[in-house]
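In: what follows is a predicted structure for the sequence shown.
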Amino acid sequence: MGKPKEFIKSTLIGGLLVLLPLAIFVYIAIWLFELVRGAIAPLTRLVMARSALQGAVADVVAVGLLVWLCFFVGVLVRTRLGTWLYGLVESRLLRKAPGYSMIKETVAQFLGSRRTPFSSVALVRIFGNDTLASAFVTDTHEDGGYTVFVPTGPNPTSGNIYHLRPENVFPVDTSVEDTMRTIISCGAGSSMLIARFRGAPHPTKKGG
C-alpha cells in the first residue's frame, strides 16, 4: 500500500511543479497585457478615430508609436541642446514634484541604467569572529567600507543593514539569484558560496 500512495503523491507533486509555474506565468503575462492595454487605451482610441485600424491592430500601432516616441526623446536628450533643456525642466519643475526623484530612481534601476541595490554578493563578518553571513552589497564608501543587507531565511524581504570595514567583507563571484535561492531554502546549496569564497583572494590583500 505504501508504494502506490508514494507513487500517486510524487506524481501529483511532479505535475504541480510543471503546471503551477506555467499557470502563474500565464496569469502574470495576461495581467501585464491588460495593464499595458489599459495604459495605452487613450492612444488606441486616437488611432482608431484617425484611421481604419481597429482592435488588436490599433493596440499594436499604439505600442509602436510609444516605442517611437521613447526613441525620439532618447535621441533628443543625447544632444547638447536636449540635455540642457531636460536638465533645466527637471531642476526647475520636475524635482519639486513629490515623489518624482523616487520614481525616476526606481525606473532607472528597473531598466538597468543604475546599479541595482543587490548587484553583488558577499560573505561578511558581523560578530567579530569567524562566523560568516550571506549578504548583498548595497553601497560602498569613500573610505573603502561597505553597507550590506543581510536577509533572513526563508523570507529574504526582511533582514538587517550593517556598515562594515572592508576587512570584514568578502565579495563572492556568484549571482544574486543563486544566493537568493540559498536564503529561501534556509542555507541549502550554500556550499557553492563557500567554495567560491575560499577560491577567491580578499580584495584588501595584495598578491605576491
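Out: The structure has been received and is ready for your questions.

In: what about the lengthiest strand in the chain, distance to the chain center?
Out: Secondary structure assigned by DSSP state E gives strand 133-140 as the longest strand of the chain. Here the centre of strand 133-140 is set off from its chain's centre by 15 Å, with C-alpha atoms, centre = their mean, to the nearest Å.

In: parallel or antiparallel, list what pairs with it.
Out: strand 120-124 (antiparallel), strand 146-151 (antiparallel) (DSSP bridges).

In: may I have the strands that pair with whichever helix or strand comes after the last one, each with its orientation?
Out: Using DSSP states H and E, the helix or strand that directly follows strand 146-151 along the chain is strand 159-164. Each strand pairing with strand 159-164, determined using DSSP bridges, is listed with its direction: strand 146-151 (antiparallel).

In: any idea of the mean pLDDT for stretch 159-169?
Out: Taken as a whole, stretch 159-169 has a mean pLDDT of 93.

In: pLDDT weak spots in this structure?
Out: Applying pLDDT under 70 to the chain flags the ranges 1-2, 106, 108-117, 200-208.

In: so what's the gap between the helix with the most length in it and the chain middle?
Out: The helix that spans the most residues within the chain, counting by DSSP state H, is helix 2-39. When distances are taken as C-alpha atoms, centre = their mean, helix 2-39 is centred 23 Å away from the chain's centroid.

In: reformat the strands paired with strand 133-140 as CSV; add distance to Ile194 and mean neighbour count.
Out: The way it works is simple: take the backbone N, C-alpha and C, and place the C-beta from them, glycine included. What follows is those, written out as CSV (distance: least, C-beta to C-beta, whole Å; neighbours: other C-beta atoms under 10 Å):
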stretch, distance to Ile194, mean neighbour count
strand 120-124, 8, 22
strand 146-151, 16, 19
